[in-house]
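Participant: below is the sequence, then the predicted model.
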Amino acid sequence: MPDPSILVVDDEAEIREGLQLLLSSEGYEVTLAETAEAALARLGERPFDVLLLDVSLPDRNGIDLLRELRARDAAASIILITAYGSINMAREAFKSGALDYITKPWSNDELLAQVAKAVDTRRLREENLQLKRAFKQRYNFPNIVGKSDKMLAVLDLVRQVAASRSTVLIYGESGTGKELFAKAIHAASPRAERPFVPINTGSMPVDLLESLLFGHVRGAFTGAVSSKKGLFEVADQGTLFLDEISTIGPETQAKLLRVIQEREYMRLGGTETIKTDVRILAASNADLAAMVREGRFREDLYHRLNVIALQLPPLRERKEDIPLLVAHFLAYYCRENEKPERRFTPAAMRLLVDYGWPGNVRELENVVERAVVLSSEELMGPDLLPENLRSRELMPGVRLPAPALLAGGAASPGAHVTSGTSPNLAGILEDVERRLILDMLERTGWNQTEAAERFQIPLSTLNQKIKRLGIDPRRRGRADSSRDSSPVDAKAPIRD
Ligand SMILES: Nc1ncnc2c1ncn2[C@@H]1O[C@H](COP(=O)(O)OP(=O)(O)OP(=O)(O)O)[C@@H](O)[C@H]1O
Ligand SMILES: [Mg+2]
């Protein structure tokens, strides 16, 4: 890194020279300016890390100059030199973006410390600006959230392919964002001003699908009382998004191939060929290559579609994106539901991050929306998450009692239920404790002394727990406790 550079702006020669001596002896590269005009001229030639600026210059009000300097270089660190006591000026200076100020006469040590700090600040700001700029250039997709390497790689590819006319085949499990990415490609393409037309080809009768895509002429089929434009026409010069492409049948596959190859087609029942300029994006969560091998999808069409393949990673393979997505959907659904800010507790967040998300981002979005809608306070705990997220393993070998059991535990001694259906942490822990104790008592033939020994706790403590947890010693010797309706069944599997 080069020596930090400093521009000293002061009309008093003595001060300029004093500062030059002091700062250059500390290894700074010092440039001097006598007037505001000279300062601006120097700054036009090169950037400086720190500006030491006298507020009372002959040709310009110091604060005005300060604002102008900041406008030219947002990362500049500016230290003002003021006459003793002008506190108002200092206040004004901070408001205008000065980093610090020194009053005449100053102590050299203090001044050097301030300058060193200003250099650090400058470099941090610079780095920050660079990062932001790079980020904006690379990932300027406002609706797409994600910073995982996998997501960034996909976004890079999106950016590369957006400009072209190439067909893109978007693969991904359900809810991974196939349609969102199709829209992003369209929005980043030269066709952005033209229509983006999505059509879900899944489970649609052939005639209907083809008439939708290509349009029909009057009398083409029963009920075709007038002629109608197809989506290829609607999407002209825009983008057509064929969702669930794997579901289209052989006849439609043949027609699609023709449009892609010839860039022309006929309406159903028509004789006139229509020219088309449409970019095709397609999505599939089935393995099209496998379908080709099995003879269920035309190989030639597959190659036409698969010019560029975009593989969207499932959420479980990019868990670092989960907190970002959660924050994104929290902000969105709070706004949508006109609720003030909401946050998940660390415990709830842990459950969200640990969960496997088979329904990917869509499932996460639904879970966040549900929590926001059900919440009444800013902090949202695990009780606002659906059951399947809450019932994960608590510790190796011990499975958390199913929440349904806990919630239904009104009849069970000691089941703690905070609201209609949600157990609190203390309740959950008590239930786990109760199950562990019951299990141990079963194993020791209800010998409490032995059970206490095995738990390495005093017998009296075990007794207290048995009482507090409402464990019934009369259960001893029951042949089959699994018939017991208690939610904390001693025979419930405690896996080891
Ligand atoms: N990276 C992301 N950032 C923000 N939102 C996302 C992201 N990925 C997906 N979503 C959101 O998740 C939801 C599901 O996305 P989308 O409909 O694009 O998925 P899909 O792959 O087409 O799903 P399906 O296979 O069920 O049709 C949408 O609301 C979408 O906006
Ligand atoms: Mg979709």
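Facilitator: Okay, I see it. Because the structure is a prediction, the values reported are computed rather than measured. Ligands and ions are numbered 1, 2, ... in the order given.

Participant: A76 contacts A39, doesn't it?
Facilitator: No. A76 is not in contact with A39 according to CB atoms under 8 Å; the separation is 11.5 Å. Every C-beta, even on glycine, is put in place using the N, C-alpha and C of the backbone.

Participant: so what sits against both of these two?
Facilitator: Here A76 and A39 have L51, L69 as joint contacts, going by CB atoms under 8 Å, 6 or more residues apart in numbering.

Participant: which residues touch N200?
Facilitator: D243, E244.

Participant: dump the C-alpha coordinates for stretch 104-111 into CSV.
Facilitator: Coordinates of the C-alpha atoms in stretch 104-111 are reproduced here as CSV (Å, rounded to 0.1, in the frame of the first residue of the first chain):
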residue,chain,number,x,y,z
LYS,A,104,-5.6,25.7,17.2
PRO,A,105,-3.2,25.4,18.9
TRP,A,106,-3.1,21.6,18.9
SER,A,107,-0.9,19.0,20.5
ASN,A,108,1.1,17.1,17.9
ASP,A,109,0.5,13.7,19.4
GLU,A,110,-3.2,14.2,19.3
LEU,A,111,-3.2,15.5,15.8
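
Participant: now do the buried residues in that stretch.
Facilitator: Going by neighbour count (16 or more other CB atoms under 10 Å), the buried part of stretch 104-111 is W106, L111.

Participant: repeat for stretch 464-474
Facilitator: Under 16+ other CB under 10 Å, the buried positions of stretch 464-474 are K465, I466, L469, I471.

Participant: the helix or strand containing the first one - what's its average pLDDT?
Facilitator: Using DSSP states H and E, K465 sits within helix 459-468. Over the span of helix 459-468, the pLDDT mean works out to 88.

Participant: which residues touch it?
Facilitator: In contact with helix 459-468 (CB under 8 Å, 6+ apart) are residues G414, E433, I437, Q448, T449, A451, A452, F455, I471, P473.

Participant: how far off centre is that helix?
Facilitator: How far helix 459-468 lies from its chain's middle: 47 Å, per CA atoms, centre = their mean, to the nearest Å.

Participant: could I have the CA atoms of that helix written out in PDB?
Facilitator: Provided in PDB are the C-alpha atoms of helix 459-468 (Å, rounded to 0.1, in the frame of the first residue of the first chain):
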ATOM      1  CA  LEU A 459     -32.000 -39.800  45.600                       C
ATOM      2  CA  SER A 460     -33.800 -36.800  47.200                       C
ATOM      3  CA  THR A 461     -33.500 -34.800  44.000                       C
ATOM      4  CA  LEU A 462     -34.900 -37.700  42.000                       C
ATOM      5  CA  ASN A 463     -37.800 -37.900  44.500                       C
ATOM      6  CA  GLN A 464     -38.500 -34.200  44.100                       C
ATOM      7  CA  LYS A 465     -38.500 -34.500  40.300                       C
ATOM      8  CA  ILE A 466     -40.800 -37.400  40.400                       C
ATOM      9  CA  LYS A 467     -43.300 -35.400  42.500                       C
ATOM     10  CA  ARG A 468     -42.900 -32.200  40.500                       C
END
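
Participant: list the residues that contact the residue nearest to W357 when sequence neighbours are not counted.
Facilitator: Nearest residue to W357, sequence neighbours excluded (CB to CB, 6 or more residues apart in numbering): L315, at 4.2 Å. Listed by CB under 8 Å, 6+ apart, the contact set of L315 reads G175, T176, D321, I322, L325, W357, N360, V361, L364.

Participant: quick check: N337 vs ligand 2, distance?
Facilitator: 24 Å (CB to the ion, to the nearest Å).

Participant: kindly report the same for L40.
Facilitator: 56 Å.

Participant: next one: I280
Facilitator: I280 is 16 Å from ligand 2, by CB to the ion.

Participant: quick check: phi and psi at the nearest residue to that residue once chain neighbours are set aside.
Facilitator: The shortest distance from I280 to any residue other than its chain neighbours is 4.9 Å, reached at T167 (CB to CB, 6+ apart). Here is the backbone geometry of T167 (degrees, to the nearest 10): phi -70, psi 140.

Participant: which SS class is the closest residue to P58 other than its chain neighbours?
Facilitator: Of all residues not flanking P58 in the chain, D11 sits nearest, at 5.4 Å (CB to CB, 6+ apart). Put simply, D11 is coil when judged by DSSP: H, G, I helix; E, B strand; the rest coil.

Participant: D11 contacts R60, doesn't it?
Facilitator: No. Using CB under 8 Å, D11 is not in contact with R60, being 10.5 Å away.

Participant: who touches both of those two?
Facilitator: In contact with both D11 and R60: T35, using CB under 8 Å, 6+ apart.

Participant: give me the phi and psi for the residue nearest to W357.
Facilitator: phi -60, psi -30.

Participant: distance check, it against L180.
Facilitator: Distance from L315 to L180, counting by CB to CB, to the nearest Å: 13 Å.

Participant: give me the contact list for stretch 342-352.
Facilitator: So stretch 342-352 is in contact with 322-323, 326, 330, 334, 364, 367, 371-372, 375, 378-382, 384-385, 389-390, 392, 425, going by CB under 8 Å, 6+ apart.

Participant: tell me the buried residues in it?
Facilitator: Neighbour count says stretch 342-352 has R342, F344, A348, M349, L351, L352 buried, by 16+ other CB under 10 Å.

Participant: residues from this protein in reach of ligand 1?
Facilitator: 143-146, 172, 174-180, 285, 325, 328, 361-362, 365 (CB under 6 Å from any ligand atom).

Participant: helix or strand for I170, which one?
Facilitator: strand 168-171.

Participant: is the helix or strand following that strand in proximity to ligand 2?
Facilitator: Later in the chain than strand 168-171, the nearest helix or strand by DSSP H and E is helix 178-187. Yes. Applying CB under 5 Å from the ion, one finds helix 178-187 touching ligand 2 at K178, E179.

Participant: and whatever helix or strand comes next after helix 178-187, is it in reach of ligand 2?
Facilitator: Downstream of helix 178-187, the next assigned helix or strand under DSSP H and E is strand 196-200. No. Strand 196-200 does not reach ligand 2 (CB under 5 Å from the ion); its nearest approach is 7.4 Å.

Participant: quick one, strand 196-200 and helix 178-187 angle?
Facilitator: Between the axis of strand 196-200 and that of helix 178-187 there is an angle of 160 degrees, by axes from the mean of the first three to the mean of the last three CA atoms, to 10 degrees.

Participant: for ligand 1, see how far away the residue nearest to I280 is.
Facilitator: Going from T167 to ligand 1 by CB to the nearest ligand atom, to the nearest Å gives 17 Å.

Participant: same check, this time on E299
Facilitator: 24 Å.

Participant: now swap in D10 and tell me
Facilitator: On the measure of CB to the nearest ligand atom, D10 and ligand 1 end up 52 Å apart.

Participant: what's the separation between that residue and I81?
Facilitator: Applying CB to CB to D10 and I81 gives a distance of 6 Å.

Participant: about what we covered before: so which of the contacts of stretch 342-352 are in strands?
Facilitator: L379, M380 (DSSP state E).

Participant: related to what we said a few turns ago, now the contacts of L315: which count as buried?
Facilitator: Of the contacts of L315, these count as buried by 16+ other CB under 10 Å: G175, T176, D321, I322, L325, W357, N360, V361, L364.

Participant: these two touch, right, the fifth one and V145?
Facilitator: Yes. Applying CB under 8 Å, one finds L325 in contact with V145, separated by 5.3 Å.

Participant: which residues does the residue in the chain that ligand 1 sits nearest to contact?
Facilitator: Of the chain, the residue with the smallest distance to ligand 1, taken as CB to the nearest ligand atom, is G177 at 2.8 Å. By CB under 8 Å, 6+ apart, the contact set of G177 is I144, L312, N360, V361.
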